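Participant: Generate coordinates for the sequence data below:
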Amino acid sequence: MADGGRFELYPRPAWVRHFNAMGDAAGGAERLVPLDVDAMCQSAVDSTGLSDFGDLDGDWPARLKALTAAIDDSANMHALGRLMTRAEMIRCLRTRLWVTEDRRRRPGVADERIAAPVLVTGPARSGTSLLLELLDLDPALRGPNGWEIADPGAVGGGSREERIRRAAGEYELWGDVQPEFLAVHDLKAAYPQECIHVQMPSFSGMYWRMAADIPAWAPDPMAAMKFHRAVLQALQHGQDPATWVLKTPVYLGTLDLVFALYPDAWVIHNHRDPVKTTVSGASTLATVRWLRSDDVDPAAVGSDDGMCPIMLNVMRRRVAGELPDRIIDVHFADLLADPAGAVERAYATMGREFTGAHADAIRHYVANRPQGALGTHHYTAEQFGIDKAALRERMRPYTDHYGIRLE
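Facilitator: All right, here's what the predicted structure looks like:
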């Protein structure tokens, strides 16, 4: 427990406590770090010299205003959390300016076709990040790297190293704010990142719902995907041909939208014991929100059970033939036991060539990033009020149908 009996997920580093105390001394974090939309937009304009934010994804100003209002109303972020959020929002506005200017300078960007992307999805903590990184080792595939997402196209300027340095301040600060987060996810600007990061500048994607407890705020998946596609087009234009490999658990609940936008996509559906993914996922979400707020309710996080109904519904729809026959199953246990073999089997279904060089790269990568190297992710079901026996029974149709190894 923290001071005053308040729940404490992890002890805060001293520098974080001191920074947040400045918010209290200023009369509240909102006074020290306001999320003023007009001021943030002006900062983006002043820092880039550009003024056209574009309209690729509809009424983004209204979405940004609704998002900041929701954060002010219910997220109860501390001073550092608000500073992290404000910095991300200004960076996202700069990204919008760059993407729009890039389309003006290079008209062919808008005509780029995102052909047959490979989309990795599944519940959080089912190995989707690992699989994305292993697929990204294939020279014929490419994932969106953190530094590219922040500064896509050919407008922002600077060398690759400079762009990585700028993006590192956003991605790698997480582990400095809370060292335990590194055991959950090694977030690096140079790594391929999941698509909720690409969608951030639409101010409509699930990233914001993950980072802040804003239950009244609703994302707009179509707007998020429209901006996502614009970023991929900018990154793809003028480059050697490569197939995109993309990842987010959010895709599992939006498969109709995915196939509407990319009818030739391949979807890799990762599977793991839903008791494990639900409890680990709750701990992950709580940790992410703990980075920005002192008020994280573990019981509320544990009761946010949106993924299990999605998993059951996707199973039902696949059995009924309601989804395209372009979904490939990869089991977490198989991915850990034989990463190269799991990727090779997925490639065989897709009709892609799996080379010996790629297999060697996978083995080298896994050997140099062993599990637990950055710490151990500790959590319990009881901590989040999750009844494992009831969850096991509820998800039995899923685990039986797919032959999931229970953990």
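Participant: what about the nearest residue to Ser51 once chain neighbours are set aside, how many residues close to it?
Facilitator: Nearest non-adjacent residue to Ser51, counting by CB to CB, 6 or more residues apart in numbering: Val45, 5.3 Å away. Every C-beta, even on glycine, is put in place using the N, C-alpha and C of the backbone. Residues contacting Val45 under the criterion other CB atoms under 10 Å number 16.
Participant: Asp297 now?
Facilitator: Residues lying near Asp297 (other CB under 10 Å) number 14.
Participant: and if you look at the one 4 residues further on?
Facilitator: Using other CB under 10 Å, Val301 is surrounded by 24 other residues.
Participant: Show me what the mean pLDDT comes to for the helix or strand harbouring it.
Facilitator: Here Val301 sits within helix 298-302, counting by DSSP states H and E. For helix 298-302, the mean pLDDT works out to 90.
Participant: How about stretch 56-63?
Facilitator: For stretch 56-63, the mean confidence score works out to 96.
Participant: before we move on, what about stretch 106-126?
Facilitator: Per-region confidence: stretch 106-126 scores 96 on mean pLDDT.
Participant: Ramachandran coordinates for Leu246?
Facilitator: Main-chain torsions, Leu246, degrees, to the nearest 10: phi -130, psi 160.
Participant: My guess is it contacts Cys195. True?
Facilitator: Yes: Leu246 is in contact with Cys195 according to CB atoms under 8 Å; the separation is 5.3 Å.
Participant: okay, and the common contacts of the two?
Facilitator: Pro144 (CB atoms under 8 Å, 6 or more residues apart in numbering).
Participant: Next one: Glu393 from Asp57, what distance?
Facilitator: Here Glu393 is placed at a distance of 41 Å from Asp57 (CB to CB, to the nearest Å).
Participant: quick one, which of these two is more surrounded?
Facilitator: A count of neighbours by other CB under 10 Å puts Asp57 above the other of Glu393 and Asp57, at 24 against 10.
Participant: Val231 is in contact with that one, correct?
Facilitator: No: applying CB under 8 Å as the test, Asp57 and Val231 come out as separate, 10.7 Å apart.
Participant: And Leu131, how close does it get to Ala333?
Facilitator: Leu131 is 13 Å from Ala333, by CB to CB.
Participant: mind checking how far the closest residue in space to Ala79 that isn't next to it in sequence is from Ala75?
Facilitator: Excluding the flanking residues, the one nearest Ala79 by CB to CB, 6+ apart is Gly23, at 2.9 Å. Remark: distance between Gly23 and Ala75 (CB to CB) = 14 Å.
Participant: and the residue nearest to Thr355 when sequence neighbours are not counted, how many residues sit next to it?
Facilitator: Leaving aside its chain neighbours, Thr355 sits nearest to Asp138 (7.9 Å; criterion: CB to CB, 6+ apart). Asp138 has 23 neighbours, counted by other CB under 10 Å.
Participant: before we move on, what about Ser303?
Facilitator: That count, for Ser303 with other CB under 10 Å as the rule, works out to 12.
Participant: The host helix or strand of the residue nearest to Ala79: which residues count as buried?
Facilitator: Using DSSP H and E, Gly23 falls within helix 14-25. Neighbour-count burial for helix 14-25 flags Val16, Phe19, Asn20, Gly23 (criterion: 16 or more other CB atoms under 10 Å).
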